[in-house]
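Colleague: Give me the fold of what follows.
(one chain, ligands or ions: 3)
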Amino acid sequence: MDFQLKTLTVAQAAAEKSDVLIVLVGSAPITSKDSLSVLAASARKAGDLPDKAGKLLSLYRPDEVVASRVVLAAIGDGKPASVRSGVIAAVGAAKAQQPKRVAIVFAPPADGAAVACAVTAAADASYVYTTTKSKAEPRSIRHLTLGVADASGVGKAFDEARATVLGIELAKEWGNRPANHATPTLLAEAAKALAKLPNIKCEVLGPKEVEKLGMGSFAAVAQGSAEPLRFIVLRYHGAPKDQAPVVLVGKGITFDTGGVSLKPAAEMDEMKFDMCGAASVLGTFRALAEIQPAINVVGLVPSCENMNDGKAVKPGDVVTSMSGQTIEVLNTDAEGRLILCDALTYAKRFDPAAVIDIATLTGACVVALGGVRSGLFASNEALAAALEAAGEESQDRCWRLPLDDDYAEGLKSNFADVANIAGRAGGAITAAKFLQRFAGDFAWAHLDIAGTAWKSGAAKGSTGRPVGLLVSYLTTRASSSVAEKATVPKTSSSKAAPKTPGKPTRKARSAK
Ligand code: BES
Ligand code: MN
Ligand code: ZN
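Modeller: Ligands and ions are numbered 1, 2, ... in the order given. Got it, this is the predicted structure:
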């Protein structure tokens, strides 16, 4: 689908060649005197188009409009969340007729945030997965024109949103692929393909190299699978070489059976989505390649299957992580943290400004936050604020949860330095506390996307989240003047004074 931004009034949009014209109508009175605006105003007055974002009124061949179908869509206050609801509803309604050309015009003035949300929402509502269907019907919309009264100030937001869509859709594609079409090897090949894009490099390690590095925890999860593990290292260089990078770490379990601590059969198919953290890292790199922001980013993806086998790791086994810490594997289904901990240790070699891991880590996070917000944990206030602000800006929200040391009590083990599970209570937090042990020296955040990375039920499928949040965080950081490296005391714990990775970004500060 290609996107085009144009300066268009509603009257001009009526003259645009398209199959469907969507007019976004805000709460403010419509004063333009062209026939379509007059129609919208009278529909509003009669109560046929309620002023609630997402409400629709469909018209057929109204006077003086080239498109045969018109959808009036309410966007209420015109804020990003409302624009998103209006566009999702309107594109959802329009796509029944398989339109090829769609035009969307804002009746009220629109800023960059509104334009960006319209682009990502239109893409979201029209996305179709096709890869493993023999007679797939691809997305019908080929061209999408976005009209705003004044396009001059919103070009950058539009371009970044378009790039973000490429990233979101790459993440959706890999998330949606069944596990037999998205093995660790195939995921690594997808990462290598990204290295063809400007300023991106990729290196892939296999079982031998991972063993040599001492990643005994990661290797233990992989040992029950016939598929060889892969450790993907992506690099994006947009700033001088000596500028400390942001490191993204994505959980890449291509299928999670639970291992010997086997999961119940119901909905186990959804554990093909257990690599959505990894997919979000690939998607973010896709967007970076397009936007080329002035920042350095490293992407780390430990990827393997969590399977049952004669060689599989067993409850009670003690493994040695790359950090040297020994781990008692009390539950083989808590495997995400076992692969992430070694990747976090590996991250140290980049002397990172910040490290953010992204993982479908716990069912407990789904219970806590549902599918609306991702769980956010952070050892650093500025990083937390910047990620929260990025979530708001991109409408890919997160919610911060605590990291008090008291939550780590249950991770004690009689046979190793740490156990990989605590009790049932506060499961998303105890998982984060486990990870924090391996992220001591740098500004670190953890996004638990177990509830947000995919949808279940009839609309089952990957959401591409949190690519929007990550791209927004990275581009904001790149455009703010300060993005220097963390200076953190070596002996860090969550009780230590807040660590600052440099000044918070402009947006992070204004969000306060
Ligand atoms: N991949 C799962 C987390 C998950 C479960 C995400 C359901 C989305 C829906 C993870 O590897 C896992 O199995 N976690 C366990 C941890 C437990 C054994 C401490 C969980 O959440 O049940
Ligand atoms: Mn698991
Ligand atoms: Zn898992």
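
Colleague: give the contact list for the closest residue in space to Lys433 that isn't next to it in sequence.
Modeller: Nearest residue to Lys433, sequence neighbours excluded (Cβ to Cβ, 6 or more residues apart in numbering): Ala408, at 4.2 Å. All C-beta spots, glycine's among them, are computed from the backbone N, C-alpha and C. Ala408 is in contact with 422, 430, 433-434, 436-437, counting by Cβ atoms under 8 Å, 6 or more residues apart in numbering.

Colleague: If we use 10 Å, what do you get?
Modeller: 418, 422, 429-430, 432-434, 436-437, 493-494 (Cβ atoms under 10 Å, 6 or more residues apart in numbering).

Colleague: Return the member of those residues nearest to ligand 3.
Modeller: Closest approach between these and ligand 3, by Cβ to the ion: Phe434, at 13.4 Å.

Colleague: part of a strand, is that closest one?
Modeller: No - per DSSP: H, G, I helix; E, B strand; the rest coil, Phe434 lies outside any strand segment and is helix.

Colleague: Quickly list what the closest residue to ligand 2 within the stretch 151-300 of the chain is bridged to.
Modeller: Nearest to ligand 2 in the stretch 151-300 of the chain, going by Cβ to the ion, is Asp256, at a distance of 4.4 Å. Assessed by DSSP bridges, Asp256 has beta-bridge partners Asn306.

Colleague: In space, what's closest to Asn420 - neighbours in sequence excluded?
Modeller: Per Cβ to Cβ, 6+ apart, closest to Asn420 is Ala334, 4.7 Å.

Colleague: What score does the residue nearest to Lys433 have for pLDDT?
Modeller: For Ala408, the pLDDT comes out at 98.

Colleague: Need the three-state assignment for it.
Modeller: helix.

Colleague: For the closest residue to ligand 3 within the chain, grab the count of nearby residues.
Modeller: In the chain, the residue that lies nearest ligand 3 is Asp256 (3.7 Å; Cβ to the ion). Asp256 is flanked by 25 other residues according to other Cβ atoms under 10 Å.

Colleague: ditto for Ser379
Modeller: Using other Cβ under 10 Å: Ser379 sits among 26 other residues.

Colleague: From Gln292, how far off is the residue nearest to it when sequence neighbours are not counted?
Modeller: Nearest non-adjacent residue to Ser379, counting by Cβ to Cβ, 6+ apart: Trp444, 4.8 Å away. As judged by Cβ to Cβ, to the nearest Å, Trp444 and Gln292 stand 26 Å apart.

Colleague: who's more crowded, the two?
Modeller: Trp444 (31 against 15).

Colleague: Touching, the more buried one and Ala343? I think so.
Modeller: No - using Cβ atoms under 10 Å as the test, Trp444 is too far from Ala343 to be in contact (12.0 Å).

Colleague: anything in contact with each of these two?
Modeller: Here Trp444 and Ala343 have 247, 249, 355, 357, 435, 438 as joint contacts, going by Cβ under 10 Å, 6+ apart.

Colleague: mind listing what the second one touches?
Modeller: Under the criterion of Cβ under 10 Å, 6+ apart, the neighbours of Val249 are 277-278, 281, 298-302, 339-340, 342-344, 346-347, 355-359, 435, 439, 444, 446.

Colleague: Return only those of these found close to ligand 1.
Modeller: Counting by Cβ under 6 Å from any ligand atom, nothing from the contacts of Val249 sits close to ligand 1.

Colleague: Return the subset of those lying in helices.
Modeller: Applying DSSP state H to the contacts of Val249, the entries found in helices are 277-278, 281, 339-340, 342-344, 346-347, 435.

Colleague: What's the biggest helix in this protein, counting residues?
Modeller: Ranked by number of residues, the top helix in the chain under DSSP H is helix 155-176.

Colleague: Can you see whether it contacts ligand 1, counting any residue in it?
Modeller: No - applying Cβ under 6 Å from any ligand atom, one finds helix 155-176 out of contact with ligand 1, separated by at least 12.3 Å.

Colleague: buried ones in that helix?
Modeller: Across helix 155-176, burial judged by 16 or more other Cβ atoms under 10 Å covers 157-176.
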